[in-house]
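J.: Quick one: sequence and predicted model below, then my questions.
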Amino acid sequence: MDFSVITDSVATLLKNNLLIVVATTFLLIILLFRKPKLFFTIFFIALLLGTVLYVILAVSSTGVAEKQELIHKSTKDLPKE
């Protein structure tokens with residue numbers, strides 16, 4: 001799966017659920033001023049999970065391309081009937 005497909009689907013989800021986005025943003029702004037430690041904890045956990053997801057997607061897409069190339073090479077080397 002391509003990373004741009006995921007970002008497009010997330011953007012579409014956020015556009016379609018504007019009320020949830022506004023409520024979450026408002027809650028995070030309140031947390032930033034009232035409990036900054038909790039806000040930054042949530043922020044860094046989300047950042048860490050996003051980074052891990054990006055790395056997994058990047059590695060898996062590279063693996064899929066390599067697998068397709070190996071399959072193509074192995075079928076090309078088969079004797080013709």
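T.: Cool, got the structure. Numbering: from 1, shown residues only.
J.: Point out where the chain drops to low pLDDT.
T.: Along the chain, the parts satisfying pLDDT under 70 run over 1-3, 61-66, 72-81.
J.: what sits against residue 31?
T.: Residues near residue 31 by Cβ atoms under 8 Å, 6 or more residues apart in numbering: 38, 39, 42. Where you see a C-beta, it was placed from the backbone N, CA and C, and this is true even at glycine.
J.: out of these, which are inside helices?
T.: Mapping the contacts of residue 31 onto helices (DSSP state H) picks out 38, 39, 42.
J.: neighbour-wise, which of the residues you listed leads?
T.: residue 39 (17 neighbours; other Cβ atoms under 10 Å).
J.: What sits closest to that residue if chain neighbours are left out?
T.: Nearest non-adjacent residue to residue 39, counting by Cβ to Cβ, 6 or more residues apart in numbering: residue 31, 4.2 Å away.
J.: Off-centre distance for the helix or strand in which that neighbour is found?
T.: Assessed by DSSP states H and E, residue 31 sits inside helix 18-34. Put simply, helix 18-34 sits 22 Å off its chain's centre (Cα atoms, centre = their mean, to the nearest Å).
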